[in-house]
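Student: build me a structure from this.
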Amino acid sequence: MNEIAIVVSYDNEKPTVSGRELHKALEIETPYRIWFPRMCEYGFTENIDYTPYKFVHPQNHQETTDHQFTIDMAKELCMIQRTEIGKRCREYFLRIEQQWNSPEAVMARALQFANQRLELIMEQNSQLLEKSAVQEKLIKEMQPKVSYCDVVLNCKELVTVNVIAKDYGKSAVWLNKWLHEHGIQYKQGEVWLLYQKYAGKGYVKSKTTTFIGTDGGQHAKSHTYWTQRGRIFLYELLKENGILPLIEQNNDEA
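Tutor: Below is the predicted model of the structure:
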């Protein structure tokens, strides 16, 4: 008497068997494509008792339909055949079912599920930590610029070059000289003016003040003031050259 050896798949939540393999093991002469629809008339439901799938038949190389039967469906089909081989196949599935439901097998599946969940949680935690590190880095990179820009944008008045220079711990003389050396401004008389490339962009405004001279007469003097737009321009320019305002230097130290 030949031993029953129908391959059982454990890829799904429950063990299943190939419909065509069972059909062959039961030694049914009716072709599978005719036999299967007849068996479905006994009340089997797709995606509950069986799941269809396609494969390329190794003999004719044609796309062929097969089905994965649940063990319960396979047992019922064995009983329907009312043959000796059907009885033996049913007993084979009963043993498979007993093994599947044994305490050892149940515990093994529970441990496997727990390990899979643990691996998933660890992977998710790793991704969260990586994402958090990236976000922290971005915040650290963005915060200095935001904090200084906030200070600038909250101040709507025109400011002197001396005020801006103090933002960097420098003097007005140093900043004027640096801007001149980098082709931003030039001096005409006692007034610093922007080169044509930067003039007309709203970076600076001129104010004229009057004063009484030592000769007792009234005199006028023009002063250049930086707008907040100009202040941002200087911030970007100085930052490109590695010069940061004090507020950002303090942030870096923190």
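Student: show me what the residue found closest to residue 62 once you drop the neighbours it is linked to in the chain is bridged to.
Tutor: Closest residue to residue 62 apart from its sequence neighbours, by CB to CB, 6 or more residues apart in numbering: residue 56 at 7.1 Å. C-beta here means a position set from N, CA and C on the backbone, and glycine is covered the same way. Beta-bridge partners recorded for residue 56 (DSSP bridges): residue 63.
Student: residues near residue 56, how many?
Tutor: As a burial measure, residue 56 scores 9 neighbours (other CB atoms under 10 Å).
Student: for the remainder of this discussion, apply numbering that starts at 475.
Tutor: From this message on, residue numbering opens at 475, which makes the last subject residue 530.
Student: ok, it to residue 520 distance?
Tutor: Distance, residue 530 to residue 520, by CB to CB, to the nearest Å: 22 Å.
Student: got the confidence number for residue 556?
Tutor: At residue 556, the model reports a pLDDT of 90.
Student: show the contacting residues for it.
Tutor: Residue 556 makes no contacts at all, as judged by CB atoms under 8 Å, 6 or more residues apart in numbering.
Student: what's in contact with the helix or strand hosting residue 661?
Tutor: Taking DSSP states H and E as the definition, residue 661 sits inside strand 659-662. The contact list for strand 659-662, computed with CB under 8 Å, 6+ apart, reads 650, 653-654, 666-669, 672.
Student: out of those residues, which are inside strands?
Tutor: 666-668 (DSSP state E).
Student: from residue 606, how far off is the residue lying closest to residue 494 once chain neighbours are set aside?
Tutor: Using CB to CB, 6+ apart and skipping the chain neighbours, the partner closest in space to residue 494 is residue 540 (5.0 Å). Taking CB to CB as the measure, residue 540 falls 47 Å from residue 606.
Student: what do you get for residue 557?
Tutor: Relative to residue 606, and taking CB to CB, residue 557 is found at 64 Å.
Student: and if you look at residue 522?
Tutor: Applying CB to CB, the value for residue 522 to residue 606 is 44 Å.
Student: what's the answer for residue 508, then?
Tutor: Distance from residue 508 to residue 606, by CB to CB: 61 Å.
Student: ok, back up a step: mind checking which of residue 540 and residue 606 has more residues around it?
Tutor: When residue 540 is set against residue 606 and neighbours are counted by other CB under 10 Å, the residue ahead is residue 540, at 19 against 10.
Student: just the element for the more buried one, please.
Tutor: With DSSP H and E as criterion, residue 540 is part of strand 537-544.
Student: break the protein down into its structural domains.
Tutor: For the chain, the structural domains run 482-575, 625-727, going by automatic domain parsing.
Student: worst average pLDDT in those?
Tutor: The weakest mean pLDDT among these belongs to domain 625-727, with a mean of 84.
Student: grab the nearest non-local neighbour of residue 527.
Tutor: Nearest one to residue 527, counting by CB to CB, 6+ apart, is residue 540 at 6.0 Å.
Student: isn't that neighbour up against residue 492?
Tutor: Yes: with contacts counted by CB atoms under 8 Å, residue 540 reaches residue 492, the gap being 5.8 Å.
Student: what sits against the residue lying closest to residue 649 once chain neighbours are set aside?
Tutor: Take residue 649 and drop its neighbours on the chain: the residue closest to it by CB to CB, 6+ apart is residue 639, 4.1 Å away. Neighbouring residues of residue 639 by CB under 8 Å, 6+ apart: 645-646, 648-649.
Student: hmm, try it at 10 Å
Tutor: 645-650, 652, 708 (CB atoms under 10 Å, 6 or more residues apart in numbering).
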